[in-house]
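Peer 1: kindly generate the corresponding structure for this input.
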Amino acid sequence: MCFRLTFHARQHCGSGRSLRGCLAGIGLLALGACNTLPDSGPTERVVLKAAQTKQLNPLGFHILPVNPKLAEVLSAEIPPLISSIDNAASILSTNDRIGAGDTLTITVFELGSGLFAASSGTAGAASATGLSTGPAANVTNQNLPPTQVEADGTISIPYVGRLRAAGLTPQVLAQNIRNSLAGKSQNPEVMVRISNDIANTVIVSGEVHKPGRVVLSTAQEHLSDVVAIAGGAIYPPEDSHVELVRGDRVGATDLGTLESFPQEDIHARPGDRIHVIYQPRSYTVFGAAGMQAAETPFKSPHVSLAEALARVGGPNDNRADPNAAFLFRFEDPVAAKQLGLDTPPTPKGIPVVYQLDMMNPSSYFLAQSIPMKTKDVLVIANAKTNKFYKFDQLISTLISPMITAAYLAH
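Peer 2: Now for the predicted structure:
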């Protein structure tokens, strides 16, 4: 409409009227149609009015100003880092303890005719073991049937009975068996080996090439080592979210952080569960930001609201209203309850809008403690004068050739 009006005005100028009258005509005609100029987003007034109008707000969302109390609630939503669930004061596991479900290989060496060997044991048996026992000594050895540690942590040994095995190292269990055979066998020696290790394992699941059990060794593998042993993550490290469940505690970060920050790459422990999730986290920006509307990846474990605004260039000097930066989010029900929201829940969460006044210096401190969530939407409101700014640009574009022509004519 503005184009049609200004086109007619230019025809009017060509009829011989003065340049001053021509410019006035263009201004009056275009001003009446400036409301049809395109815009990149709403103004603060439009957003606030929409929240109060039932027809424009079918979700019933509320707009909450960012204040210290709100920032405190939202900052508590940051999941604990993996390093926070590792008790540095505890004794590091040696990963060689026997546990329920393990299968043990037990070998008993006896001098002469023993309890477990055939009575025809000869020096040939001794030579087969690789032991030097002297010419008069006949050493026999016998592998007991594979022995599984029961759920109560015990095993059953012939001529000995039930012994406690869980929580012991193979060396300690071998000594206990040897002590129990004393007096029943001639100078027995016992070797115990964990042939199928269940207790000293972690479960790796999710987006790795070889999910399943990973046996921990005495080399003290780190979390990133365990993921590598499981074939590595399928997706890039920054998009691979690593969740560690240890007992009743949970910590999380991305694989890139584990690889880059040794303090976060803690030792894996028996019983850990590691879940690797493909999570290309990003947020979207609209409105009068310094950059064009775009989907912006996190590329780090945590991104604060302040960092998110900085990454998109902050408010545009020419078009933005810095009093009105809006964060649109489907909030977690727990946080929504703490904020006193009575909005009906949706399958994605509780819709809510947080408003940040960037003309208030304290807002910059609060924005540093508010974490962004994946799929958040940032809208920087347009200034009320934005359309007048565009109108000014339009008029300048139209009249510049006329001014130049008038100057040359004189």
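Peer 1: mind listing the helices for this protein?
Peer 2: 2-13, 19-31, 44-52, 68-75, 123-129, 170-181, 223-229, 255-260, 305-311, 333-338, 361-369, 386-409 (DSSP state H).
Peer 1: and the residue nearest to residue 199 when sequence neighbours are not counted, how many neighbours does it have?
Peer 2: Closest residue to residue 199 apart from its sequence neighbours, by CB to CB, 6 or more residues apart in numbering: residue 99 at 2.2 Å. C-betas here are computed from N, CA, C, even on glycine. Neighbourhood size, residue 99 [other CB atoms under 10 Å]: 19.
Peer 1: give me the pLDDT for residue 99.
Peer 2: If you check residue 99, the pLDDT there is 91.
Peer 1: repeat for the one 10 residues further on
Peer 2: Reading off the per-residue confidence, residue 109 sits at a pLDDT of 91.
Peer 1: same deal with residue 131?
Peer 2: Looking at residue 131, its pLDDT is 43.
Peer 1: ok, now which ones touch the residue nearest to residue 199?
Peer 2: By CB atoms under 8 Å, 6 or more residues apart in numbering, residue 99 lies in contact with 149, 153, 166-167, 198-200, 270.
Peer 1: what residue ranges in this structure score low on pLDDT?
Peer 2: 1-41, 79, 87-93, 117-137, 384-410 (pLDDT under 70).
Peer 1: tell me how it divides into domains.
Peer 2: 44-77+302-383, 82-90+201-278, 103-196 (automatic domain parsing).
Peer 1: what ranges does the stretch 251-400 of the chain have for its strands?
Peer 2: Remark: strands assigned in the stretch 251-400 of the chain by DSSP state E, counting those that start in this stretch are 273-278, 282-287, 294-297, 320-331, 350-356, 377-382.
Peer 1: using CSV, please lay out these together with distance to residue 312 and mean neighbour count.
Peer 2: Formatted as CSV, the strands of the stretch 251-400 of the chain follow (distance: least, CB to CB, whole Å; neighbours: other CB atoms under 10 Å):
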stretch, distance to residue 312, mean neighbour count
strand 273-278, 25, 18
strand 282-287, 4, 20
strand 294-297, 6, 14
strand 320-331, 10, 23
strand 350-356, 13, 21
strand 377-382, 7, 23
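Peer 1: I'd like those strands as TSV, with distance to residue 188 appended.
Peer 2: Formatted as TSV, those follow (distance: least, CB to CB, whole Å):
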stretch	distance to residue 188
strand 273-278	40
strand 282-287	66
strand 294-297	65
strand 320-331	67
strand 350-356	69
strand 377-382	73
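Peer 1: of the ones you listed, which is nearest residue 44?
Peer 2: strand 320-331 (3.6 Å; CB to CB).
Peer 1: which elements pack onto that closest one?
Peer 2: helix 44-52, strand 350-356, strand 377-382 (3 or more CB pairs under 8 Å, 6 or more residues apart in numbering; DSSP states H and E).
Peer 1: buried ones in the first one, by neighbour count?
Peer 2: Neighbour-count burial for helix 44-52, with 16 or more other CB atoms under 10 Å as criterion, is recorded at 44, 47-48.
Peer 1: ok, residue 273 - contacts?
Peer 2: Counted by CB under 8 Å, 6+ apart, residue 273 has contacts 202-203, 205, 244-246.
Peer 1: and if you look at residue 359?
Peer 2: 322-323.
Peer 1: cool, and residue 72?
Peer 2: Counted by CB under 8 Å, 6+ apart, residue 72 has contacts residue 369.
Peer 1: and with 10 Å instead?
Peer 2: 338, 366, 369-370 (CB atoms under 10 Å, 6 or more residues apart in numbering).
Peer 1: cool, and residue 212?
Peer 2: So residue 212 contacts 201, 203-205, 230-231 (CB under 10 Å, 6+ apart).
Peer 1: which pair in those residues spans the largest distance?
Peer 2: Greatest spacing in these, by CB to CB: 201 and 231 (15.8 Å).
Peer 1: these two: who's more crowded?
Peer 2: Using other CB under 10 Å as the criterion, residue 201 and residue 231 rank with residue 201 on top: 21 against 13.
Peer 1: now render the buried residues of helix 44-52 as TSV, adding distance to residue 67.
Peer 2: Converted to TSV, those look like this (distance: CB to CB, whole Å):
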residue	distance to residue 67
44	17
47	18
48	17
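Peer 1: against residue 145, how distant is residue 285?
Peer 2: Taking CB to CB, to the nearest Å as the measure, residue 285 falls 67 Å from residue 145.
Peer 1: about what we covered before: okay, and which of the contacts of residue 212 map to strands?
Peer 2: 201, 203-205 (DSSP state E).
Peer 1: most surrounded residue in these?
Peer 2: Highest count within those by other CB under 10 Å belongs to residue 204, 24 neighbours.
Peer 1: right, and that residue touches residue 210 too?
Peer 2: Yes - counting by CB atoms under 10 Å, residue 204 touches residue 210, with 8.0 Å between them.
Peer 1: what's the overlap in contacts for these two?
Peer 2: 229-231.
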